[in-house]
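> Requesting a structural model of the entry that follows:
(one chain, ligands or ions: 1)
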Amino acid sequence: MTAQKIFQINHVENQLRASLAKMKAAYTRNPAPTEKERVDRLNRLHNAILEYKDRLIAAVDRDFGGRAEAETLMIELLPVLEGIRYNKKNLRKWMKQSKRHVPLMLLGAKTKVHYQPLGVVGIVAPWNFPIFLGLSPLVGAFAAGNRAMMKTSEFAPETGELLKEMIAKHFTDEEAVVVNGGVEVATEFTKLPFDHLVFTGSTQVGRIVMHAAADNLTPVTLELGGKSPAIVHDSFPIEEAAKRIAFGKGLNAGQVCVSPDYIMVPRAKVDAFVEAFAKSFVSHYPSLKDNRDYTSIITERQRDRLLDNVRDAEEKGASVITINPTEDSFEGTKKLPMHVIKDVSDDMRVMQEEIFGPLLPIVPYDTLDDAIAYVNDRDRPLALYYFDWDKRRAEKILKETHSGGVCINEVMTHTMVDDMPFGGVGPSGMGHYHGKEGFLNFSKAKGVVRKGRFDGNALIGAPWGNRLYNLFINFQLRRFKKI
Ligand code: NAD
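Sure, this is the predicted structure:
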């Protein structure tokens, strides 16, 4: 590493540490923001989003080199506004101290749980939804009374710069700060002694981030990725399943953490599914290359990775159906047609890595138990989708598989429900945000015992064996008979 590089990194580190120190000092001066103060921060964020809406849509569009406006509105901006509304509506209830049962040992005392802001939350966002995945954790952090520093993705630099301007305009640097930069900045950022760190990104980088946080014992919420399967039951109309899956898979050209990664279809129905999927996909996107509804791949590197994975699958025996309705050439563009991949095997990269783009492997299965075993043999996914009108069988899937979240007869929309926790399990993540669980995630649930004037300990305390102690302990032991 050159001396200049070392100097730059030291400079970044010093700036980040100074920023965090300033926020921590502000937290110490006002450690318990009232509901009104929290609502005020949420309102300012609401207004900031409305003020910057058009510029944000344009910035994401430029970062992607073509991102459908409807996707930025529907999947980034509106969900943050919904989240703000939902948090404001529930805040008073969540902030209330909760009374808890007093055990006999503490007779006369009162016990309560207080929900205390943690302090300063660090947020690391990826590029695929650069607004939503930065601001949504910020909403949760603000609602719980925290301050926050947010690191945006280097692959969405225009959005990052605009978010920085927007936050600086509407918040003091003691309330919220946006940090931009590449991996070096991200590395220094995740080494900071935050009171909590939310990382959204790949499982691979998630591991590095958790190591960095461990040095400070900073608690983490890891919102990671993985291979989210969709299973279509034999009894479910295959065209209907294909239609619902095609809608979701087309969004952001498959660059979504909860995009269906591979589809499990009864063996005899693979071709029917592929045909119906293609038909439905084309009905949404009658052309691709110059279609502004169809989003580009974020970088050439990502595009090359996806194409390499298609080639790798073909070389290992897969058959690939390219859905390219107007038979465009994609040379020199950042767009990629949808590739449905049949005859896949475990040695193909498309069956090992998260897809994160417009590729869709089809995995045939014979029995539902086989499909469940296939899913359970692999890392626990971020989402699982099951298509079946039969509630009993759906219940079996829910009980016998693990995943961050589930949609039945649907894909992806569970992420839009503010009143439910969102997060992965195992390699797809840990911790939750959204819902009351999000508020709890960003709060310290502090148990508090308040003792009154009466001091029972003084009556039964050592020397043990005194009369009151004997009475107390005999009474207690009688309560706990063998079951
Ligand atoms: P990524 O892991 O490459 O990067 C995410 C963030 O981490 C970026 O801000 C980046 O600057 C930072 N980073 C990179 N290297 C780092 C390091 N060594 N130390 C600390 N920080 C570092 O992910 P990506 O390519 O931006 O996003 C795609 C991934 O994110 C996919 O795996 C996807 O499934 C996942 N994702 C998950 C969710 C979710 O909610 N669970 C949502 C969106 C995306």
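> quick one, phi psi at the closest residue to Asn376 other than its chain neighbours?
Leaving out its chain neighbours, the residue that sits closest to Asn376 by Cβ to Cβ, 6 or more residues apart in numbering is Thr401, at 6.2 Å. For every residue, glycine as well, the C-beta is placed using N, CA and C. The phi and psi torsions at Thr401 (degrees, to the nearest 10) take the values phi -130, psi 160.
> Contacts only, for Thr401.
Ile372, Val375, Asn376, Leu384 (Cβ atoms under 8 Å, 6 or more residues apart in numbering).
> show me which of those neighbour the ligand.
Here nothing survives when these are matched to the ligand using Cβ under 6 Å from any ligand atom.
> what about burial for the residues you listed, which qualify?
Buried by 16 or more other Cβ atoms under 10 Å: Ile372, Val375, Leu384, out of these.
> CA atoms only: put stretch 101-109 into PDB for me.
Output in PDB follows, covering the C-alpha atoms of stretch 101-109 (Å, rounded to 0.1, in the frame of the first residue of the first chain):
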ATOM      1  CA  HIS A 101     -44.800 -10.200  36.900                       C
ATOM      2  CA  VAL A 102     -43.100  -9.800  40.300                       C
ATOM      3  CA  PRO A 103     -41.700 -13.100  41.700                       C
ATOM      4  CA  LEU A 104     -42.400 -14.100  45.300                       C
ATOM      5  CA  MET A 105     -38.700 -13.400  46.100                       C
ATOM      6  CA  LEU A 106     -39.300  -9.700  45.300                       C
ATOM      7  CA  LEU A 107     -42.600  -9.300  47.200                       C
ATOM      8  CA  GLY A 108     -43.400  -5.600  47.400                       C
ATOM      9  CA  ALA A 109     -41.200  -4.500  44.500                       C
END
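> picking that back up, which one of the buried ones among the contacts of Thr401 is nearest Met95?
Leu384 (33.8 Å; Cβ to Cβ).
> That closest one pairs with what?
Val406 (DSSP bridges).
> Excluding chain neighbours, give the residue nearest to the residue nearest to the spatial centre of the chain in space.
Residue closest to the average C-alpha location in the chain (Cα atoms, centre = their mean): Glu223, at 4.0 Å. Leaving aside its chain neighbours, Glu223 sits nearest to Thr200 (4.0 Å; criterion: Cβ to Cβ, 6+ apart).
> How about Tyr27?
Gly119 (4.8 Å).
> looking at it, the one you found is touching Pro193, isn't it?
No - contact between Gly119 and Pro193 fails when scored by Cβ atoms under 8 Å: they sit 10.0 Å apart.
> check contacts around Tyr294.
Gly66, Ala68, Gly250, Ala253, Tyr285, Leu288, Lys335.
> if we take those residues, which one ends up nearest to Leu306?
Ala253 (9.6 Å).
> Now do the SS call for the closest one.
helix (DSSP: H, G, I helix; E, B strand; the rest coil).
> Mind telling me which residue of the stretch 251-400 of the chain is nearest the ligand?
Cys257 (3.2 Å; Cβ to the nearest ligand atom).
> who in this structure is up against the ligand?
Counting by Cβ under 6 Å from any ligand atom, the chain sits next to the ligand at 124-128, 133, 151, 153-154, 183, 186-187, 190, 200-202, 205, 208-209, 223-225, 257, 354, 356, 382, 424, 429.
> And the residues you listed, which of them are buried?
For the residues of the chain next to the ligand, buried by 16+ other Cβ under 10 Å: 124-128, 133, 151, 153, 186-187, 190, 200-202, 205, 208-209, 223-225, 257, 354, 356, 382, 424, 429.
> which helices and strands sit right next to the worst-scoring helix or strand of the chain on mean pLDDT?
Across the helices and strands of the chain, mean pLDDT, DSSP states H and E gives its lowest value to helix 456-460, namely a mean of 88. Under the contact definition 3 or more Cβ pairs under 8 Å, 6 or more residues apart in numbering; DSSP states H and E, helix 456-460 sits against helix 467-479.
> If you count neighbours, what's buried in the helix it packs on?
For helix 467-479, by 16+ other Cβ under 10 Å, it's Phe472.
> And for stretch 257-276?
257-266, 269-270, 273-274, 276.
> now stretch 291-309
Asn291, Tyr294, Thr295, Ser296, Ile297, Ile298, Gln302, Arg303, Leu306, Leu307, Asn309.
> Output these in a markdown table; the columns should cover pLDDT and secondary structure.
A markdown table is the format used below for the buried residues of stretch 291-309 (pLDDT from 0 to 100; DSSP: H, G, I helix; E, B strand; the rest coil):
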| residue | pLDDT | secondary structure |
| --- | --- | --- |
| Asn291 | 96 | coil |
| Tyr294 | 97 | coil |
| Thr295 | 97 | coil |
| Ser296 | 97 | coil |
| Ile297 | 98 | coil |
| Ile298 | 98 | coil |
| Gln302 | 97 | helix |
| Arg303 | 96 | helix |
| Leu306 | 97 | helix |
| Leu307 | 97 | helix |
| Asn309 | 98 | helix |
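> Closest to Gly452 out of those residues?
Ile298 (61.2 Å).
> Which phi and psi values does the one residue in the stretch 151-300 of the chain that gets nearest to the ligand adopt?
Using Cβ to the nearest ligand atom, the closest approach of the stretch 151-300 of the chain to the ligand is made by Gly225 at 2.2 Å. Here is the backbone geometry of Gly225 (degrees, to the nearest 10): phi -110, psi -150.
> what's the distance between it and Gln255?
11 Å (Cβ to Cβ, to the nearest Å).
> between these two, what contacts are shared?
Phe356.
> quick one: low-confidence ranges for the chain?
In the predicted model of the chain, no residue satisfies pLDDT under 70.
> these two touch, right, Asp173 and Lys22?
Yes - assessed by Cβ under 8 Å, Asp173 is found in contact with Lys22 at 6.5 Å.
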